[in-house]
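S.K.: Got a predicted model here, sequence first, then my questions.
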Amino acid sequence: MHISMVDLKTQYSRIKDEIDAAVMEVLASSQFIGGPKVISFRENLEKYLGVKHVIPCANGTDALQIAMMALELKPGDEVIVPAFTYVATAEVIGLLGLVPVLTDVDPETFNIRVDHVEAAITPRTKAIVPVHLFGQSADMEPIMALAKKHNLYVIEDNAQAIGADYRFSDGTSQKTGSIGHFGCTSFFPSKNLGCYGDGGALMTNDDALANAARIIANHGQTKLYYHDKIGVNSRLDALQAAILDVKLKYLDEYCNARRDAADYYDRAFKDISALKTPVRHPNSTHVFHQYTLQMPGSDREALKAHLAEQGIPSMIYYPVPLYKQKAFQGWWHGGVLPVTEHLCESVISLPIHTELTKETLEKITGAVRSFFGS
Ligand SMILES: *Cc1c(COP(=O)(O)O)cnc(C)c1O
């Protein structure tokens, strides 16, 4: 039994005929950039997310950058982001000469907290980037209200949570990524909706912002060979769009498979007091991009080694707070964010994907349980 963090091979084998046919269609048409596959995927994703505009692009990092450029953020503007996230979120802020303002996260959901965001607002603050980390929505309703009050933009980093629903206090729900001024996502192969290379997209309900993002993603071009702005070259190619259009039909099924695996883990670990299983926020469904345990006070490296001996991989997402990364030293004004520090020291993620069998889950949970002597 080979166990991996993500099993894309088995996932592909189950939809091979459909994927192969879609890929062959693109090859036969020789329309490798743009064309019907990109349009079809864009429209299907708009429908799925219930959002007016999807703007496909080359990857999730580009999506974040294009969003900030489309919002015309200027050097020196402050953008509030969680300190516990993948580097891409804060990296583009620095790249554009903006100031990343790193804030602490919630110890239960790992997501940005509205009280910390509010405390970080200054006259230079222009935007907030909530990250829906590990597959669960940040608490968007109070974040949107705070943004409105202070006239700030909200860019959702939805790279890990595509397919999740956020529930508002009036009982209505919206897909993550469709709530802020922009939503950004990644189709990196291991993401919940992954292609077979690189890909990404922006989402927005605002016609003017959609137009601005489209222009920026295409060299600032408004008409062929007329360039109104400095833009970038960021496209989702037709092969990736064809693959994504097939996989989108299975996204809900994939989310359910991940949730089932997470439920299995939860049940297996519920009596191990040294382990804290992931908390489900009542206002969000969880699509489990990662299944992340907290084990404060226990030897995380020893568990990792114990699992590795039995052929079970595990990962630390993320071992270092962003403000301790060398690249971010220039923006850090000292002090530590206690929850971020604590999480970086105590989290461990187990294999989670769409192809976990009961046998594999039994083996993984058995190995974890034996480490804790139960
Ligand atoms: C993967 C990821 C990104 C970047 O996506 P790429 O397609 O790899 O550029 C951004 N933010 C988060 C939270 C991610 O997990």
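M.R.: All right, it came through fine. Source: prediction; values computed, not measured.
S.K.: who touches the closest residue to Gly199 other than its chain neighbours in this structure?
M.R.: The shortest distance from Gly199 to any non-neighbouring residue, by C-beta to C-beta, 6 or more residues apart in numbering, is to Phe187 (3.4 Å). Backbone N, C-alpha and C define where each C-beta goes, glycine included. Applying C-beta atoms under 8 Å, 6 or more residues apart in numbering to Phe187 gives the contacts 59-60, 193-195, 198-201, 236, 240, 244.
S.K.: can we see that at 7 Å?
M.R.: 193-195, 199-200, 240, 244 (C-beta atoms under 7 Å, 6 or more residues apart in numbering).
S.K.: Scan those residues and report the most crowded one.
M.R.: Among these, Gly199 has the most neighbours (other C-beta atoms under 10 Å), with 30 neighbours.
S.K.: For the ligand, see how far away that residue is.
M.R.: As judged by C-beta to the nearest ligand atom, to the nearest Å, Gly199 and the ligand stand 7 Å apart.
S.K.: Verify the contact between that residue and Leu239 for me.
M.R.: No. Using C-beta atoms under 7 Å, Gly199 makes no contact with Leu239, being 9.8 Å away.
S.K.: mind listing the helices for this structure?
M.R.: Along the chain, the segments classed as helices by DSSP state H run 8-14, 16-29, 36-49, 60-70, 87-95, 114-120, 140-150, 207-217, 238-248, 251-269, 300-309, 338-346, 358-371.
S.K.: of those helices, which approaches the ligand most closely?
M.R.: helix 60-70 (2.6 Å; C-beta to the nearest ligand atom).
S.K.: Pop out the phi and psi values for the residue nearest to Gly199.
M.R.: phi -110, psi 30 (degrees, to the nearest 10).
S.K.: Let me see the contact set for Phe38.
M.R.: No, residue 38 isn't Phe; it's Val. With the criterion set at C-beta under 7 Å, 6+ apart, Val38 makes contact with 56, 236, 238, 241.
S.K.: at 8 Å what do you get?
M.R.: With C-beta under 8 Å, 6+ apart, Val38 has these contacts: 56, 236-238, 241.
S.K.: quick one on the thing from earlier: tell me which of the contacts of Phe187 fall in strands.
M.R.: Gly200 (DSSP state E).
S.K.: Kindly reformat the contacts of Phe187 as a markdown table containing pLDDT and distance to Pro351.
M.R.: Output for those, formatted as a markdown table (pLDDT from 0 to 100; distance: C-beta to C-beta, whole Å):
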| residue | pLDDT | distance to Pro351 |
| --- | --- | --- |
| Leu193 | 98 | 19 |
| Gly194 | 98 | 16 |
| Cys195 | 98 | 21 |
| Gly199 | 98 | 23 |
| Gly200 | 98 | 25 |
| Gln240 | 98 | 25 |
| Leu244 | 98 | 23 |
